[in-house]
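# below are the sequence and a predicted model; questions follow.
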Amino acid sequence: MPTFLIERNITGVSDLGQDQLRDIATKSNAVVADLAVPYTWIRSYVAGDKIYCVHETDDVESIREHARCGGFPADLVVEVASVIGPETANT
Amino acid sequence: MELLERGEELAALGSWLGEAGSGAGRFVLVSGEAGIGKTSLVRGFCEQHADGARVWWGACDALTTPRPLGPLYDIARVSKGELAALMSSDASRHERFSGFLEALAWPLQPTIAVLEDVHWADEATRDLLVFLARRVGEVNALVVATYRDDEVGGDHPLRQVLGNVVTLRVTRRLALSRLSEAAVAHLASDREADGSQVFRVTGGNPFFVSEVLAVGAGEVPQTVSDAVLARAGRLSASGRSVLEAAAVVPDQVEVGLVHAVAADDAEAIEECVRAGLLVAVGRSLRFRHELARLAVEHSISGTRLPELHTAVLGYLSEQGRADPGRLAYHAEQAGDRDAVLAHAPGAAERASRLGAHREAAAHYRRALQHADGLDPREHAGLLERHADECTAIDDEAGALVSYDRALLAWREVDDRERTATVLARRAYALWGLGRNEEARASVDEAIALLEPHPPGLPLATAYTYSAHLHMLAREVPRAIELGHRAVTIAEEHHDVALVGRALNIVGAAQWFVDPDQAERTLSRALEAAHRSADDTIVGVVMRMLGSGSGEVRRYDVADRWLREGIRWCTEHDLDIHGDYCLAWLARSCFEQGRWSEADDVAVEVADRPSQHAPTRIVALTALGRLRVRRGDPDADPPLTDAWDLAVTTGDLQRLWPAAAGRAELAWLAGDSEAIPDLVGETFELAVRLGQQWPIGELGFWLWRAGASDGRPDEAAEPFALQMSGDWREAAATWEQLGCPYEVAVALADGDDPDELERAFRILGRLGAAPMADRVAARLRELGVRELPRRPSRATVDNPSGLTDRQLEVLSLLMAGRTNAQIGTLLHISPKTAGHHVSAILDKLGVADRHEAAHLARERGMTPS
């Protein structure tokens, strides 16, 4: 299944408290459960005025649908072409 | 069809969304006739911002009886999460409203919440609109409500909502106009049609234009229906049957429903969508416009129609969890009596629970129309509940008809407790209709039926109603006794809400005999009301604490509870009680000599959209009396209005202050002969009911006019002292109570030059010119040569005695602001701003706002 990187612009997002982050995660899980397509939320990084998310699903439209239903901005959605790391040097 | 000539509207919506996004929520009203393109505009706007905002969509529907909170249920279905859980729980209405507001505050992006077609909104949704408008300013959301302004006439229930929200600073309005001839020509040229002919037929109504153009060149249908049916006529037989199935469902049409009712044929649905007649929204279908649905529905034959409704009813019943209001609607349209009786009462109960009493009454009425031959107990229960809902919407006449029939029905099955309960509630409806003797007889009969048996809640209820009627008639000892009996039984049966209601009546009655005890009793009532978690009873008790203590001139208690009541009622949207507290605050300020505040508050209340008579009487009386004492020229109109309204109620508490104000006006104008006619009858009423404050004040005026001795032995203390000639002691008593004007009036009866000068100074501070002139004349009679300067409201800073609010308005007026701008800046309606401006012109004695500004500048005021 393709992996997508989503960039969400949210002013002040780094200042959100634990309660609000929990609400956001709860909402995202609920939307994922309801989408009726294969969809996995891998992880998200809150940094500066953005959240960077890594999701797995079949197509961009599902990423957009997840964002629309959940009220998550999705300013940039790109499919991950390859994953590299220190170990890539050994391949 | 493209969105033409809506660029400005889209830009406006965009900028309001921007403001909402920064945390300053906005409430937008989009209005225009059917087919003008409200939905198209809002949909287009939402699509533009689909990536930057969360969009929630809920619609009111054209069911004969709308679903209570229908739009909120729509939104909960798609928003999921906590709101969905809340809406399917048995949470209170206030919890649902608050939960929605919380859900709107979403930290990641702003929300656009669209509430469509609110001209069809049920009572609970209308309350929701006011609730949202008052609070959305604090969250990052844009609430957009659309409505057909041409269907919202003077007595339409949405009027009240509009009156409440248009003056709020968060509210924005968009009134959509028809397309210009140029725009129609542009659209027509794409289809090779004759633009001017299309414009002539359609008048530029965008939906009509699009339908006419869709029919194709050569044909120009004369009405929207003709246009829609011309398109529908081109469908295949199965397409046509899909369209008809969808047309009998005024709200959302599930795809499954169409399959079950029309044809299990996805191609037929696709055909309707391709033809532009139906639009797919998720797993539902809807007509492109309600006008199109109506056209198709009306074209279905009279024999086919009930068959379709029967099929829809069958499908919805199988689905489970369908809104009982929808089921009741289709049952009635199908002519299925058993189904109406199965679903309408459930729909009514649900509506009642959500506070949509108008809709609840309509559902019970629908059930009753099909109730012949029903089990007599069930029938009686329906009648009783219908009457209760009528009472909740102040339809006493409707309530009485159903109570009478319920009474017969309960008697027939020999149910003593129900018979008695209906007799007691019926008494209240009778009282509301002014049939007081019958009301008494009804509740007495209830008590007589129950008293021989062990006491239970029905008896406590009957005692409470009886106590209330005695209290309204100011038969105080009996009201207190009956109320206490109700409290005792209700406490034994742990009915805390009834304890609160009964104690409220006991406390109300005690103000007239034992004010200290009244305050204690009402504090207990308040505690019970809080424990019963009934926000309305809490508001009612606070109102009683404030106005009851005010009536016996305990101002510190009154002011505290009036302000507390205003706060509570504002928080809980109990406008009727909150406005009443506000009106009473004006009266309290007036009596305590805080005239500037009284003036501002009274004007504010008089301008509220509520036409609740008691509130208007209190506010108009305070305003009129204030003007009398200041010697303003326009004192008579508010007093006369208040008096006329008071006469229709026939209640002493409403009549007495207005009568006293009119007497004072006559006396200050030197027309003492008029006084006996103005106060005589009300005085007799007060004497009959043994009420010492009205006896005192009205008796005082009769005594003043030389018409009678004023019965000092039955009058409240300060009036009694004054009538017996002890002006010094009267003044001291007034001073203790905190009524400076009355202090001065009492002192003015004496012949001590020092005390007369004191009176003169008090009146000067108040700005009570007419009375001050009288005191000055008296001083001159006594040979006092050096009178203090003639008092007027004029001071150095405020040369014309304007109120604080009026000074504010004047400084804006000097800066050349219009009424609308002043209204916006001061958060009041342009109408209220206009009232302030006219009052300023009167006080300054100038003809227009330019002269006023000029005069103010001459006196050294600065514009702001």
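Thanks, I have the structure now. Numbering: from 1, shown residues only, chains lettered A, B, ... in the order given.
# and residue B:388, what is it in contact with?
B:399, B:425 (CB atoms under 8 Å, 6 or more residues apart in numbering or on different chains). C-beta coordinates here come from the backbone N, C-alpha and C atoms, glycine included.
# chain center to the helix or strand where it lies, what's the gap?
According to DSSP states H and E, residue B:388 maps onto helix B:376-392. Here the centre of helix B:376-392 is set off from its chain's centre by 25 Å, with CA atoms, centre = their mean, to the nearest Å.
# grab the nearest non-local neighbour of residue A:74.
Excluding its sequence neighbours, the residue lying closest to residue A:74 (CB to CB, 6 or more residues apart in numbering or on different chains) is residue A:67, at 3.9 Å.
# contacting residues for the residue of chain A found nearest chain B?
Closest contact between chain A and chain B, by CB to the nearest CB, is at residue A:71 (3.3 Å). Contacts for residue A:71 were tallied using CB under 8 Å, 6+ apart; they are A:27, B:54, B:106, B:108-109, B:111.
# repeat that for 6 Å
Going by CB atoms under 6 Å, 6 or more residues apart in numbering or on different chains, residue A:71 touches B:54, B:106, B:108-109.
# among those, which are in reach of chain A?
For chain A, the contacts drawn from the contacts of residue A:71 by CB under 6 Å from any CB of the partner chain are B:54, B:106, B:108-109.
# would you point out the most distant pair within those residues?
B:54 and B:108 (8.1 Å; CB to CB).
# any chance you could map the strands in chain A?
Along chain A, counting by DSSP state E, strands occupy A:3-9, A:39-47, A:50-57, A:76-79.
# buried sites along the helix holding residue B:388?
By neighbour count on 16 or more other CB atoms under 10 Å in any protein chain shown, the buried set for helix B:376-392 is B:379-392.
# identify the residues contacting the residue nearest in space to the middle of chain A.
The centre of chain A sits closest to residue A:53, judged by CA atoms, centre = their mean, with a distance of 2.9 Å. Applying CB under 6 Å, 6+ apart, we find residue A:53 in contact with A:6, A:44.
# separation between it and residue A:7?
Distance, residue A:53 to residue A:7, using CB to CB, to the nearest Å: 8 Å.
# please apply the same query to residue B:825.
Residue B:825 is 42 Å from residue A:7, by CB to CB.
# where in the stretch 51-200 of chain B is pLDDT low?
B:80 (pLDDT under 70).
# who touches the longest helix along chain A?
Looking across chain A with DSSP state H, the single longest helix is helix A:18-34. Residues outside helix A:18-34 that contact it (CB under 6 Å, 6+ apart): A:39, A:41, A:66, A:69-70, B:80-81, B:107.
# apply 10 Å and report the result again.
Residues outside helix A:18-34 that contact it (CB atoms under 10 Å, 6 or more residues apart in numbering or on different chains): A:10, A:13, A:16-17, A:39-41, A:44, A:46, A:51, A:53, A:55, A:57, A:62, A:65-72, B:78-82, B:84, B:106-108.
# how far does it sit from the chain's center?
12 Å.
# now do the buried residues in that helix.
Residues A:23-24, A:27-28, A:30-32 are the ones in helix A:18-34 that count as buried (16+ other CB under 10 Å).
# what parts of chain A come near chain B?
A:8-13, A:15-17, A:20-21, A:23-24, A:26-27, A:29-31, A:33-34, A:51, A:64, A:67-75 (CB under 10 Å from any CB of the partner chain).
# re the thing from before, now do the shared contacts for residue A:53 and residue A:7.
A:74, A:77.
# on that earlier part again, identify the contacts common to residue B:54 and residue B:108.
In contact with both residue B:54 and residue B:108: A:67, A:70-73, using CB under 10 Å, 6+ apart.
# buried subset of those residues, written for ChimeraX?
Applying 16+ other CB under 10 Å to the shared contacts of residue B:54 and residue B:108, the buried members can be selected in ChimeraX as follows:
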select /A:67,70,71,72,73
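# could the shared contacts of residue B:54 and residue B:108 go into TSV alongside pLDDT and distance to residue B:580?
Conversion of these to TSV gives the following (pLDDT from 0 to 100; distance: CB to CB, whole Å):
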residue	pLDDT	distance to residue B:580
A:67	91	49
A:70	88	45
A:71	89	41
A:72	92	47
A:73	92	47
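# and stretch B:493-510, what's its mean pLDDT?
Averaging pLDDT along stretch B:493-510 gives 95.
# distance of the residue of chain A closest to chain B from residue A:63?
The value you get for residue A:71 to residue A:63, if CB to CB is used, is 14 Å.
# next up, the contacts around the residue in chain B that chain A sits nearest to.
Of all residues in chain B, residue B:54 sits closest to chain A, at 3.3 Å by CB to the nearest CB. Residue B:54 makes contact with A:67-73, B:79, B:104, B:106, B:108-113, B:141, according to CB under 10 Å, 6+ apart.
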